[in-house]
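S.K.: could you work out the structure for the sequence below:
(2 chains)
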Amino acid sequence: MAPQIEPSAGFKFDNVKRNQLLGDKGYKLPTATKTGTTIVGLIYKDGLVLGADTRATAGPIVADKNCEKIHYLAPNMYCCGAGTAADTEFTTNMISSQLALHSLNTGREPRVVAAMTMLKQHLFKYHGHIGAALVLGGYDSTGPHLFTVYPHGSTDKLPYVTMGSGSLAAMSVFESRWQPGMSREEAVEMVKDAIEAGIFNDLGSGSNVDVCVITKGNVEYLRNYARPNERVEKEQSYRFRQGVTEFYAPRAARRGQDTAEMDTSA
Amino acid sequence: MSNSYKFENTNTANVASVLPEGYNLGVQNVISQGPRSRIDNELTKAHPLESRLANWNSSQLSMKLHMQRKIYGLHAPLRTMMEVQAIKQTPYALNARASRVQLDILLGRDDDFGVEDIYDEDIEIDMPDVHAMLSKRMNA
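M.R.: Presented below is the predicted three-dimensional model:
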């Protein structure tokens, strides 16, 4: 008979006590790469628009200047992720697989509420230790839907949302300008302005703006839609002139001189 | 069965595992299952999340069984557990992962996708327990 072991995949807690001991002695753990971030979403007349900046930070250092924060969940659903980068990436990949299985099982296009429920149940199980704050948006058979999911598992359903460290800057743009039933150009422009507000006023967000427009049956992922932080061209040329650096063996060989004989006696 | 709709079960004695599987039967089980008190289970859990995750599947199952009891009556959870035990007693198949499909379907996990489906190197159970199989055949 096969032994009935409860599968124990997932987080391993073997090193917790060791890490606590080391922490008491003063050896801190390295910090995980976070996406200090501005992510936004809004619903307009024909669908919804998601936006995100592209900076990933590890403490005070910029770890990635052009990362992707808008993750694929289903052909009609995308999810922006703020918080610990690995957690958002891994959680959205797993929920994407689960959604694919679920939609094969039901034979229908997956609904946004299904993805939201799966995300919320997964995050609640881990008690908030998975640091993934997500903005989930999609267009399914019941129309466009926009949700936020917090690391402990709570969710909100709203017509316009912002998350991340730059959420206050971006929300100020939305609160002053959002109206129901906007056109696509107005919506994309507003999302770009909101993300740029986050980029310029929040230290955790920076680099470029990614935009994703989801309508019925169609998704446009505009990677680097705006690049307000292009690196300036250097004013002088810092290349070395050819022939400046000396190196020995080939030059001696070119002149036909012998190199000094090596003493190989024991 | 559990007495409430409590989402997570903080008791260590979990009634969902009704029949003795890793039960302490004394000296007999030392060969196949190791000594009576495994150090792993005796130590207190270092992280608060660890006990929650270790008990997650069984506490979810207890909650489902409790709801079945409330909705359908006293027989329903017993029937479910009877079917689960019946599946677990089928003879050993060489392909251990496929033989868990029946259990997954019965517990409603067949379209779930979790970390155990991605990181499962130590779940592959290769060695059949020859002694147990043989003793079963001899006794039956």
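
S.K.: helices of chain A, residue ranges please.
M.R.: A:16-25, A:85-106, A:112-125, A:167-177, A:184-201, A:248-255 (DSSP state H).

S.K.: mind checking the pLDDT average for stretch A:79-89?
M.R.: Mean pLDDT, computed over stretch A:79-89, is 93.

S.K.: please apply the same query to stretch A:146-155.
M.R.: Across stretch A:146-155, pLDDT averages out at 96.

S.K.: quick one: closest of the helices of chain A to A:Ser265.
M.R.: helix A:248-255 (23.1 Å; Cβ to Cβ). Backbone N, C-alpha and C define where each C-beta goes, glycine included.

S.K.: if we can go back for a sec, which of the helices of chain A has the lowest mean pLDDT?
M.R.: Ranked by mean pLDDT, the helices of chain A bottom out at helix A:248-255, with a mean of 63.

S.K.: which bits of the stretch 101-250 of chain A sit near chain B?
M.R.: A:101-102, A:105, A:125-127, A:129 (Cβ under 8 Å from any Cβ of the partner chain).

S.K.: just the buried ones from those, in PyMOL syntax?
M.R.: Of these, the buried ones can be selected in PyMOL as follows, counting by 16 or more other Cβ atoms under 10 Å in any protein chain shown:
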select buried, chain A and resi 101+102+125+126+129
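
S.K.: reformat the residues of the stretch 101-250 of chain A next to chain B as a markdown table; add distance to A:Met182.
M.R.: Converted to a markdown table, those look like this (distance: Cβ to Cβ, whole Å):
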| residue | distance to A:Met182 |
| --- | --- |
| A:Leu101 | 36 |
| A:His102 | 32 |
| A:Asn105 | 37 |
| A:Lys125 | 38 |
| A:Tyr126 | 37 |
| A:His127 | 39 |
| A:His129 | 38 |
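
S.K.: from the residues of the stretch 101-250 of chain A next to chain B, which is closest to A:Asn76?
M.R.: A:His102 (13.7 Å).

S.K.: ok, the closest one - contacts?
M.R.: A:110, A:114, A:118, B:111 (Cβ atoms under 8 Å, 6 or more residues apart in numbering or on different chains).

S.K.: hmm, back to that, farthest pair within the residues of the stretch 101-250 of chain A next to chain B?
M.R.: Longest span within those, Cβ to Cβ: A:Asn105 and A:His129, 29.5 Å.

S.K.: gap between B:Gln89 and B:Val101?
M.R.: According to Cβ to Cβ, to the nearest Å, B:Gln89 stands 16 Å off from B:Val101.

S.K.: give me the more crowded residue out of the two.
M.R.: Using other Cβ atoms under 10 Å in any protein chain shown, the more surrounded residue of B:Gln89 and B:Val101 is B:Val101, with 13 against 10.

S.K.: so which helix or strand takes in the more buried one?
M.R.: helix B:101-106 (DSSP states H and E).

S.K.: give me the residues contacting that helix.
M.R.: So helix B:101-106 is contacted by B:80, B:83-84, B:87-88, B:90, B:110, B:112 (Cβ under 8 Å, 6+ apart).

S.K.: just those: which are in helices?
M.R.: Those of the contacts of helix B:101-106 lying in helices (DSSP H): B:80, B:83-84, B:87-88.

S.K.: give me the buried subset of these.
M.R.: By 16+ other Cβ under 10 Å, the ones in helices among the contacts of helix B:101-106 give B:80, B:84, B:87-88 as buried.

S.K.: between those, which is closest to A:Thr84?
M.R.: B:Val84 (37.0 Å).

S.K.: and A:Cys80, how many neighbours?
M.R.: Counted with other Cβ under 10 Å, the neighbours of A:Cys80 add up to 31.

S.K.: what's opposite the spatially closest residue to it that is not a sequence neighbour in the beta bridge?
M.R.: Spatial nearest neighbour of A:Cys80, excluding adjacent residues (Cβ to Cβ, 6 or more residues apart in numbering or on different chains): A:Ile39 at 3.9 Å. When bridges are called by DSSP bridges, A:Ile39 pairs up with A:Ala52, A:Met163.

S.K.: A:Ile39 against A:Gly51, yeah?
M.R.: Yes: A:Ile39 is within contact range of A:Gly51, at 7.1 Å (criterion: Cβ atoms under 8 Å).

S.K.: and for B:Met63, the neighbour number?
M.R.: Around B:Met63 there are 18 residues (other Cβ under 10 Å).

S.K.: between the residues of the stretch 101-250 of chain A next to chain B, which sits nearest A:Leu203?
M.R.: Checking those against A:Leu203 by Cβ to Cβ gives A:His129 as the nearest, at 25.2 Å.

S.K.: give me the nearest residue to the closest one, chain neighbours excluded.
M.R.: B:Leu49 (5.7 Å).

S.K.: am I right that that neighbour is in a helix?
M.R.: Yes: under DSSP: H, G, I helix; E, B strand; the rest coil, B:Leu49 sits within a helix.

S.K.: give the contact list for it.
M.R.: B:Leu49 neighbours (Cβ under 8 Å, 6+ apart): A:11, A:13, A:126-127, A:129.

S.K.: and if you look at A:Ser154?
M.R.: Neighbours of A:Ser154 in contact, by Cβ under 8 Å, 6+ apart: A:Lys120.

S.K.: need the longest helix for chain B.
M.R.: Chain B, longest helix under DSSP H: helix B:56-72.

S.K.: how about low-confidence regions in chain B?
M.R.: B:1-3, B:7-44, B:91-99, B:120-129, B:132, B:140 (pLDDT under 70).

S.K.: give me the number of residues near A:His79?
M.R.: Check again: residue A:79 is Cys, not His. 31.

S.K.: that one against A:Thr92, yeah?
M.R.: Yes: with contacts counted by Cβ under 8 Å, A:Cys79 reaches A:Thr92, the gap being 5.1 Å.

S.K.: mind listing the shared neighbours of the two?
M.R.: Common neighbours of A:Cys79 and A:Thr92 (criterion: Cβ under 8 Å, 6+ apart): A:71-73, A:134.

S.K.: just the buried members of those residues?
M.R.: Buried among the shared contacts of A:Cys79 and A:Thr92 (16+ other Cβ under 10 Å): A:71, A:73, A:134.

S.K.: from chain B, how far out is the second one?
M.R.: Yep, that's A:Leu73 we're talking about. Relative to chain B, A:Leu73 is positioned 13 Å away (Cβ to the nearest Cβ, to the nearest Å).
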